[in-house]
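Participant: Show me how the following folds:
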Amino acid sequence: MSEQGSTAPRDRTAGGPTTRLLIVTPSLGAGGAERHLLRILPALTARFETHLATLKSGGVFESGLSPDVALHRIGSRRWTVAAMRLRRVLSTERPAIALSFQEASNVPLLLAVSSLPPARRPATAICVQTHLPSVLAHARPRTRFLMRAAVSRLYPRADRVIAVSEGVAQDLLELSPALSGRTTVIYNAGVDPRAASLAREPNGHPFLQDGSGPVLVACGRLSTPKDYPMLLRAVGLIAATRQIRLVVCGDGPLHDSLVALTKANGLSDIVDFVGYTANPYAYMARAAVFVLSSRWEGFPSVLVEALACGVPVVATDCQHGPAEILEDGRYGRLVPPGDPQALADAVQGYLDRPDVARSFSARGPSRAAEFAPERSQREYIQLLENLPTRS
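Facilitator: Numbers count the residues shown, from 1 in each chain. Model prediction:
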């Protein structure tokens, strides 16, 4: 099949859903937002005739899509090109509802919908998954200008805007007051329903087998927002006083530079970047501490996944998500972003006090259950079913 193309869903003539839903996402890669989408997709597919458009094809989760989902490969992440191709999908499939799941697909969808005659426009909802002020601050000037214009002028054209945390919602209202009254917070489906069984699967990583000291685990894309250089500095501080190892699960554009930094700091023997893993739970469940070192987030699902595994957690109190998930420290330690000494001290606090670590571990699963997929599924369906219909 060509990059730009479609696959048809299974025949639904025998009493299946009749309301057509088009979901748009940048890709089906191995990110937290994509995992969230896959966790709520079965419920959406049961309720709606579901079509899924990916701006970039070939993500690791694409092959696992249900045959009940019609896949449309758009073949471009450029806003104008993607909008033109999405317009063709909208014109051909005529969905009643269109839903975008991430910032990179919000603008192309809104441009495509706006280009249609009013009577043919689907009801539209978009989702914001990150701390937009930080994204804007790190963007190139032209990109920053275009993104600000999109948030202030295009986002209000959506019927509903979904924010993945209260902090993200507040960001949106500060950037675009016109979104007041149409912004809703729905937390991501933070944990795989199979987490308990996946956590019990064997893991042969040597750090987890040799018993020669505690192992820290971190999971996430190897990119600027995750601030792995700060985590490496914290590990170096801990390693100066005790045995410690770190396993990092995830791929990304900074892989080579992080490996080089690890070597330059003399940490190669105690830090391992294992790449993408289909089962991070088998690492998390065997960790002494799970660590999140991010500069910014939106809703870091990896924290929920670690809590579900009963692992004590240390996270930066970045904007946004960690404080909401951990209830300001009730379910895990929070430290200032960019402070390796504070991160190291919090980790060592767990290692020095096993009773404290066990107490936090025991609280985690019940907190993680509050972010189960069923909750997110119900809230998405309720929102989509209550969108205004076109006459």
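Participant: Do a quick rundown of the strands in the stretch 201-350 of the chain.
Facilitator: Applying DSSP state E, counting those that start in this stretch to the stretch 201-350 of the chain gives strands spanning 215-219, 245-249, 271-275, 289-292, 313-316, 333-335.
Participant: is it possible to export these to TSV including distance to residue 92?
Facilitator: From N, CA and C alone the C-beta is placed, and that goes for glycine too. Output for the strands of the stretch 201-350 of the chain, formatted as TSV (distance: least, C-beta to C-beta, whole Å):
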stretch	distance to residue 92
strand 215-219	39
strand 245-249	40
strand 271-275	38
strand 289-292	42
strand 313-316	44
strand 333-335	48
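Participant: Could you export the ones you listed as JSON lines, including mean neighbour count?
Facilitator: Converted to JSON lines, the strands of the stretch 201-350 of the chain look like this (neighbours: other C-beta atoms under 10 Å):
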{"stretch": "strand 215-219", "mean neighbour count": "25"}
{"stretch": "strand 245-249", "mean neighbour count": "24"}
{"stretch": "strand 271-275", "mean neighbour count": "19"}
{"stretch": "strand 289-292", "mean neighbour count": "27"}
{"stretch": "strand 313-316", "mean neighbour count": "28"}
{"stretch": "strand 333-335", "mean neighbour count": "23"}
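Participant: Including mean pLDDT and distance to residue 200, could the ones you listed go into a markdown table?
Facilitator: As requested, the strands of the stretch 201-350 of the chain are exported to a markdown table (pLDDT from 0 to 100; distance: least, C-beta to C-beta, whole Å):
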| stretch | mean pLDDT | distance to residue 200 |
| --- | --- | --- |
| strand 215-219 | 98 | 16 |
| strand 245-249 | 98 | 17 |
| strand 271-275 | 97 | 19 |
| strand 289-292 | 98 | 17 |
| strand 313-316 | 98 | 20 |
| strand 333-335 | 98 | 26 |
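Participant: Buried residues in stretch 138-154, which are they?
Facilitator: Buried residues in stretch 138-154, counted by 16 or more other C-beta atoms under 10 Å: 147, 150, 151, 154.
Participant: what's in contact with it?
Facilitator: 79, 103, 106-107, 110-111, 114, 132, 135-137, 172, 175-176, 178, 224 (C-beta atoms under 8 Å, 6 or more residues apart in numbering).
Participant: what do you get if the cut-off is 6 Å, keeping everything else the same?
Facilitator: 107, 110, 136, 175, 176 (C-beta atoms under 6 Å, 6 or more residues apart in numbering).
Participant: Generate a PyMOL selection restricted to the buried subset of those residues.
Facilitator: Buried residues among those (16+ other C-beta under 10 Å), as a PyMOL selection:
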select buried, resi 107+110+136+175+176
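Participant: From the contacts of stretch 138-154, which land in helices?
Facilitator: Residues of these located in helices (DSSP state H): 107, 110, 136, 175.
Participant: State the pair within those that is farthest apart.
Facilitator: Greatest spacing in the ones in helices among the contacts of stretch 138-154, by C-beta to C-beta: 110 and 136 (17.8 Å).
Participant: Now distance to residue 353 and secondary structure too, for the buried residues of stretch 138-154, in CSV please.
Facilitator: Formatted as CSV, these follow (distance: C-beta to C-beta, whole Å; DSSP: H, G, I helix; E, B strand; the rest coil):
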residue, distance to residue 353, secondary structure
147, 44, helix
150, 48, helix
151, 44, helix
154, 50, helix
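Participant: Kindly present those as CSV, with separate columns for distance to residue 84 and pLDDT.
Facilitator: Formatted as CSV, the buried residues of stretch 138-154 follow (distance: C-beta to C-beta, whole Å; pLDDT from 0 to 100):
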residue, distance to residue 84, pLDDT
147, 20, 91
150, 17, 93
151, 22, 93
154, 16, 95
